[in-house]
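*Asks:* Mind looking at a prediction? Sequence and model below.
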Amino acid sequence: MAYLGDYVQHADWKAEKHAPVIHCADEVTAGEFFEVKVNIGEEIAHPNTTEHHIDWIAVFFKPEGDKFAYEVGRYEFNAHGASVKGANQGPVYTDPVVVTSVKLMQSGTFHAVAMCNIHGLWEGTKEIKVK
């Protein structure tokens, strides 16, 4: 039997345009808000066309020593140039970038999962220390 996790792809974001990149401080103070940014295609641009685009990014936090991860948020990107005039002729496009404010109470790992409409699920991770 296969599990959904078996289909999540991982790669170095410097060489793969689908891998989510998580930007935040390496160490933060417990209980204080800080910014977390997740983007796709940092080194190699990912297309954002009607035919090939990122549908959504979901961000999770897995505290050290806990069994489960907690969902931070899910962010959808719905404008990819579609229009009644035809593909890639629409007036609006979204960029697969998320910036959110988070506070943590313990160290752990951020996980970002992104869905490409052609190439499936991709995951990126970043460890963070809480002092």
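*Replies:* Okay, I see it.
*Asks:* Please make it C-alpha for all contacts and neighbour counts, starting now.
*Replies:* Will do.
*Asks:* And the strands in this structure, which stretches?
*Replies:* Ranges of strands within the chain are 9-10, 20-23, 27-28, 34-40, 54-63, 70-76, 97-102, 108-116, 120-130, based on DSSP state E.
*Asks:* Any buried residues in stretch 44-63, and which?
*Replies:* 46-50, 53-63 (16 or more other C-alpha atoms under 10 Å).
*Asks:* where's residue 38 relative to residue 69, distance?
*Replies:* Using C-alpha to C-alpha, to the nearest Å, residue 38 is found at 17 Å from residue 69.
*Asks:* Comparing the two, which residue is more hemmed in?
*Replies:* Ranked by neighbour count (other C-alpha atoms under 10 Å), residue 38 and residue 69 place residue 38 first, with 23 against 16.
*Asks:* Go through the buried residues of stretch 44-63 and say which is closest to residue 94.
*Replies:* For these, the closest approach to residue 94 (C-alpha to C-alpha) belongs to residue 48, at 7.7 Å.
*Asks:* isn't that closest one right next to residue 88, touching?
*Replies:* No - with contacts counted by C-alpha atoms under 8 Å, residue 48 stays clear of residue 88, the gap being 9.1 Å.
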